[in-house]
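Novice: Output the structure for:
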Amino acid sequence: MIKALGSHVSLKAPEFFLGSVKEALSYGSTAFMFYTGAPQNTRRLPLDRLMIEGGLSLWKENGMDNANLVVHAPYIINLAYRKDPENYEYAKSFLLEEIRRTSAFKAKILVLHPGSHKGEGPEEGIASLVSALDEVLENDGTDVRIAIETMAGKGNEIGRNLEEVASILNLAKHKERLGVCLDSCHLNDAGYDLRDKEAFIAKIEETIGLDKVLVIHLNDSKNPIASHKDRHENIGYGSLGYDVLLSIAQDRRFEGIPKILETPWVNEKPPYEQEIKMLQSGSYIDSWRESL
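Specialist: Now for the predicted structure:
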């Protein structure tokens, strides 16, 4: 049995977080990830409208652990570029709000894309992000940890390799509040060969440390290794394949870490129930998408 396995789920009217929990449970999830509002904007409903207590009660009634609730910050937060002071200050204030909202849901992990340096160079982008994290974590008043997501290396992204992520963690003042979200699709597209799992885990130990891995995004990739594309694929239909992803999910060194599927919908339907079943059973079903 793979512990803490689930998917991204929606948070929407009319049941909001209660609906998120129902959706996650319907897939057979023991963990899940959600946004506290739309990922493409910063509009947020008041917390008292989001049916948080009802959702938490249902999660607990089903024997689930709040440690396996994960929030994802909106993609539009860019703290790696400070040459636009107005947007930079707004991004910091919004991240501060998102951390506090994460805490209100009793979640302990907020996944954050490290951002784009917009041509200023990785070192400046990392310095900009670290400065923002230092300020925000000095003032948020919670125990939420931020998991910096590994990126595929598109354009001017920072966090394109484990060394850059390690630099963020090492330069930050509040190291105890920071960790990493490993995204299998992003890592493949960044050039890491996950088929050689032991070599990859050794690389994690050498750079960030296994104790800093807080979340795993378990996704296949539409593209070959080192493509720097970032296009997720369903389990078993991409260049990584089912066996590689199953091996990561089952690895005892990642046992207590939430593992989250962010794979594409099929025929406008979520694939997560089928993908979770195949991972939990340890048995792949050929052409499984045809049944959706």
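Novice: Find the nearest non-adjacent residue to Phe105, please.
Specialist: Among residues not flanking Phe105 along the chain, Ile52 sits closest, at 5.8 Å (C-beta to C-beta, 6 or more residues apart in numbering). In this view, the C-beta of every residue, glycine as well, is placed from N, C-alpha and C.
Novice: In contact with the one you found: list those residues for me.
Specialist: Shown in contact with Ile52 (C-beta atoms under 8 Å, 6 or more residues apart in numbering): 16-17, 104-106.
Novice: Looking at these, state which has the most neighbours.
Specialist: Phe17 (25 neighbours; other C-beta atoms under 10 Å).
Novice: give me the element the spatially most central residue of the chain is part of.
Specialist: Centroid-nearest residue in the chain, with C-alpha atoms, centre = their mean: Val111, separated by 4.8 Å. Using DSSP states H and E, Val111 sits within strand 109-112.
Novice: and what of Asn170?
Specialist: Asn170 belongs to helix 162-171 when assigned by DSSP H and E.
Novice: Tell me which other helices or strands that helix touches.
Specialist: Packed against helix 162-171 by the contact rule (3 or more C-beta pairs under 8 Å, 6 or more residues apart in numbering; DSSP states H and E) you find helix 122-139, strand 145-149, strand 178-183, helix 197-207.
Novice: got the CA positions of the shortest one in PDB?
Specialist: When you say that, I think you mean strand 145-149. Provided in PDB are the C-alpha atoms of strand 145-149 (Å, rounded to 0.1, in the frame of the first residue of the first chain):
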ATOM      1  CA  ARG A 145       6.400  25.000   5.200                       C
ATOM      2  CA  ILE A 146       7.000  26.100   1.600                       C
ATOM      3  CA  ALA A 147       8.000  23.400  -0.900                       C
ATOM      4  CA  ILE A 148      10.000  24.900  -3.800                       C
ATOM      5  CA  GLU A 149       9.000  23.000  -6.900                       C
END
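Novice: Can you tell me the strand partners of it and which way each runs?
Specialist: Strand 145-149 sits in its sheet next to strand 109-112 (parallel), strand 178-183 (parallel), going by DSSP bridges.
Novice: coming back round to it: tell me which of the helices and strands packed on helix 162-171 lies nearest to Pro46.
Specialist: helix 122-139 (21.1 Å; C-beta to C-beta).
Novice: contacts for that closest one?
Specialist: 79-82, 88, 91-92, 95-96, 99, 114-118, 120, 146, 156, 158, 160, 164, 167-168, 171-174, 177-178.
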